[in-house]
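Participant: Structure for this input, please:
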Amino acid sequence: MAKEYETVIGLEVHVELATKTKIFCGCSTAFGGASNTHTCPVCTGMPGSLPVLNRQVVEYALAVGLALNCDITRTCKFDRKNYFYPDNPQNYQISQLYLPICRNGYVEIETEETDEKGAPVLKKVGIHEIHMEEDAGKLIHDEWEDCSLVDYNRSGVPLIEIVSEPDMRSAREVIQYLEKLRMIIQYLGASDCKLQEGSMRADVNLSVREVGAKEYGVRTEMKNLNSFRAISHAIEGERARQIDLLESGEKVLQETRRWDDNKETSYPMRSKEDAQDYRYFPDPDLAPVHISEEWIQAVRDRQPELRDEKRRRYAAEYDIPAYDIDIITGSKRMADLFEAAVAMGTPPKKVSNWLMGETLRLLKERNMDPEDLRISPEHFSKLIELNEKKAITNTVAKEVFEILFDSDIDPEEYVKEKGLMTVNDEGALRKTVEEVIAANPQSVADYRAGKEKAIGFLVGQTMKAMKGKADPAGVNALLKELLAKE
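Facilitator: Sure thing, here's the model as predicted:
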């Protein structure tokens with residue numbers, strides 16, 4: 001009888017915080033600057049330079065910890081993690097081993113099981129700890145010159161590392177967990193969590209064991225995972241690799257492996273280190289951080305409404321489909337735009353329709369993230385109002401929205417300047433419709449003979465003659481009125 005195996009997975013998630021300056025110096029954290037331009041003696045590890053803690057880093061770590069149901073360490077401190085690597089200019093990383101800022105939290109994810117009411121059964125994934133630390137630099141491998149270059153712009157960028165318990169059992173649960181983390185952190189404004197830019201990175205610790213076994217198997221850690229797709233594929237690939245080894249009577253080695261997304265396989269990088277290999281000791285240049293009850297309460301009072309709360313409120317307050325609610329609340333930026341437009345008096349269903357229709361279409365066409373939306377609620381509401389009042393046609397509204405999406409222009413000024421307002425001159429419209437009827441006797445005859453579709457051609461010809469500035473419904477009604485007369 002074939003053995004059955006269970007996958008055991010824990011994650012180490014590194015999140016770059018959205019501070020303007022680095023964790024221990026005043027250098028910019030902006031993404032994409034020229035190499036080695038966002039640096040100073042502190043973040044490049046020059047002798048004699050001294051670190052000064054950025055208070056905002058602590059605030060963000062507290063906010064995330066509270067949102068993840070963690071206990072807050074009232075006195076936490078920093079430690080030096082010693083290792084030698086070209087992207088690490090100090091030859092140590094300032095991190096937190098002994099007294100991390102947050103511990104013993106959890107998040108709830110939806111499983112594939114359902115309860116008696118058909119709702120997904122929730123599962124708690126434990127958070128072992130959250131600690132603050134500094135990021136390393138970035139190695140750039142030049143295949144043409146057969147060498148590696150180092151960019152220290154990222155060195156000293158503030159991170160929190162969220163270490164889960166080994167509570168996940170599948171790639172699906174891992175993705176659910178990561179999506180929940182990303183959503184919470186984005187709503188808090190602590191990070192944009194863009195995997196493609198490295199502001200959220202996950203290392204996967206994975207082992208397998210026979211179903212029913214109590215002891216964990218030997219785990220490996222997989223790095224270089226910069227998309228949910230890569231994470232999912234890496235988990236499935238590593239699970240299969242470890243099972244193959246065990247089935248062949250071989251041992252799984254405790255090691256760090258690098259995932260190659262192009263080749264869909266992983267390679268050993270180095271044996272997996274334990275804490276003692278890094279020779280941790282308290283950082284002598286940084287004093288302990290004392291976190292008062294007042295400080296914790298002040299951060300707690302500033303916590304925003306998170307996605308789960310927002311979904312429940314939308315369902316109670318707005319008459320929009322559950323699917324729309326899931327999509328809109330899936331992006332803090334989109335939810336903010338929705339709420340601001342509704343607060344200006346725009347009907348919720350109309351706002352939802354534009355977000356679910358034209359907005360999602362353009363985001364997909366431009367390969368953009370919803371968080372990159374730059375439409376102002378004022379202009380968005382004004383465009384919807386112009387369309388609802390039939391001041392502009394649906395076709396014009398969509399054309400103007402596309403310009404609004406890219407440039408956030410004032411839609412009312414734009415349609416006036418371009419002469420796109422709907423023509424409300426009934427005399428001019430009647431005259432045009434009469435001309436179209438006279439010019440298309442065959443379509444007129446077809447319609448009067450019972451071919452209802454023929455009127456569509458006549459509507460199109462009228463809209464063309466009016467340069468799209470007539471209300472199609474009004475044109476249709478007027479055509480039917482005139483065609484009813486012999």
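Participant: Which helix or strand lies directly C-terminal to the lengthiest strand in the chain?
Facilitator: Of all segments of type strand in the chain, defined using DSSP state E, the longest is strand 120-134. Following strand 120-134 in sequence order, the next helix or strand is strand 138-142 (DSSP states H and E).
Participant: can you point me to the longest helix in the protein?
Facilitator: The residue-count maximum for a helix in the chain (DSSP state H) belongs to helix 228-247.
Participant: Check which residues of that helix are buried.
Facilitator: For helix 228-247, burial by neighbour count (16 or more other CB atoms under 10 Å) applies to 228, 230-235, 237-239, 241-242, 246. Backbone N, C-alpha and C define where each C-beta goes, glycine included.
Participant: What is the nearest of the residues you listed to residue 349?
Facilitator: The nearest member of the buried residues of helix 228-247 to residue 349, counting by CB to CB, is residue 228 at 31.4 Å.
Participant: Distance check, the closest one against residue 234.
Facilitator: Note on residue 228: its distance to residue 234, by CB to CB, to the nearest Å, is 11 Å.
Participant: likewise residue 118?
Facilitator: 33 Å.
Participant: Checking my notes, residue 109 in a strand, right?
Facilitator: Yes: according to DSSP: H, G, I helix; E, B strand; the rest coil, residue 109 belongs to a strand.
Participant: Check whether it really touches residue 177, as I assumed.
Facilitator: Yes: using CB atoms under 8 Å, residue 109 is in contact with residue 177, at 5.4 Å.
Participant: overlap in contacts of these two?
Facilitator: Common neighbours of residue 109 and residue 177, using CB atoms under 8 Å, 6 or more residues apart in numbering, are residue 125.
Participant: which stretches of the stretch 251-400 of the chain form helices?
Facilitator: Along the stretch 251-400 of the chain, counting by DSSP state H, counting those that start in this stretch, helices occupy 293-302, 307-317, 322-329, 332-343, 348-354, 360-365, 377-388, 394-407.
Participant: can you redo those as TSV with mean pLDDT, distance to residue 157 and mean neighbour count?
Facilitator: Output for the helices of the stretch 251-400 of the chain, formatted as TSV (pLDDT from 0 to 100; distance: least, CB to CB, whole Å; neighbours: other CB atoms under 10 Å):
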stretch	mean pLDDT	distance to residue 157	mean neighbour count
helix 293-302	97	22	12
helix 307-317	95	26	14
helix 322-329	96	29	17
helix 332-343	96	22	20
helix 348-354	96	37	19
helix 360-365	95	28	14
helix 377-388	95	32	20
helix 394-407	92	31	17
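Participant: right, and those - which one's nearest residue 29?
Facilitator: Across those, residue 29 has its closest neighbour in helix 332-343 (19.9 Å, CB to CB).
Participant: Show me what that closest one is packed against.
Facilitator: Helix 332-343 sits against helix 322-329, helix 348-354, helix 377-388, with contacts defined as 3 or more CB pairs under 8 Å, 6 or more residues apart in numbering; DSSP states H and E.
Participant: out of these, nearest to residue 433?
Facilitator: Across the helices and strands packed on helix 332-343, closest to residue 433 is helix 377-388 (CB to CB), at 22.7 Å.
Participant: by contact count, what packs against that closest one?
Facilitator: Packed next to helix 377-388, using 3+ CB pairs under 8 Å, 6+ apart, are helix 332-343, helix 348-354, helix 394-407, helix 411-417.
Participant: try 6 Å this time
Facilitator: Contacts defined by 3 or more CB pairs under 6 Å, 6 or more residues apart in numbering; DSSP states H and E place helix 377-388 against helix 332-343, helix 394-407, helix 411-417.
Participant: residues in contact with stretch 437-452?
Facilitator: The contact list for stretch 437-452 (CB atoms under 6 Å, 6 or more residues apart in numbering) reads 454-455, 457-458, 483.
Participant: give me that answer again for 8 Å
Facilitator: Residues from elsewhere that reach stretch 437-452 (CB under 8 Å, 6+ apart): 454-455, 457-458, 461, 479, 482-483.
Participant: ok, now stretch 103-121?
Facilitator: Against stretch 103-121 from outside (CB under 8 Å, 6+ apart): 65, 68-71, 73, 122-130, 172-173, 176-177, 180-181, 184.
Participant: What mean pLDDT does the helix or strand containing residue 105 get?
Facilitator: Per DSSP H and E, residue 105 falls inside strand 102-114. For strand 102-114, the per-residue pLDDT values average out at 91.
Participant: what about this protein, any weak spots by pLDDT?
Facilitator: By pLDDT under 70, the low-scoring segments of the chain are 1, 272-275, 423-429, 467-468, 471, 473, 485-486.
Participant: how does it divide into domains?
Facilitator: Listed by automatic domain parsing, the domain ranges of the chain are 5-295, 305-417, 426-483.
Participant: hmm, back to that, ok, so of the buried residues of helix 228-247, who is nearest residue 435?
Facilitator: The closest of these, once distances to residue 435 are taken by CB to CB, is residue 228, at 57.8 Å.
Participant: how deep is the spatially closest residue to the closest one that is not a sequence neighbour tucked in, by neighbour count?
Facilitator: Nearest residue to residue 228 in three dimensions, chain neighbours excluded: residue 175, at 5.3 Å (CB to CB, 6 or more residues apart in numbering). The local packing of residue 175 (other CB atoms under 10 Å) involves 17 other residues.
Participant: Alright, calling it a day.
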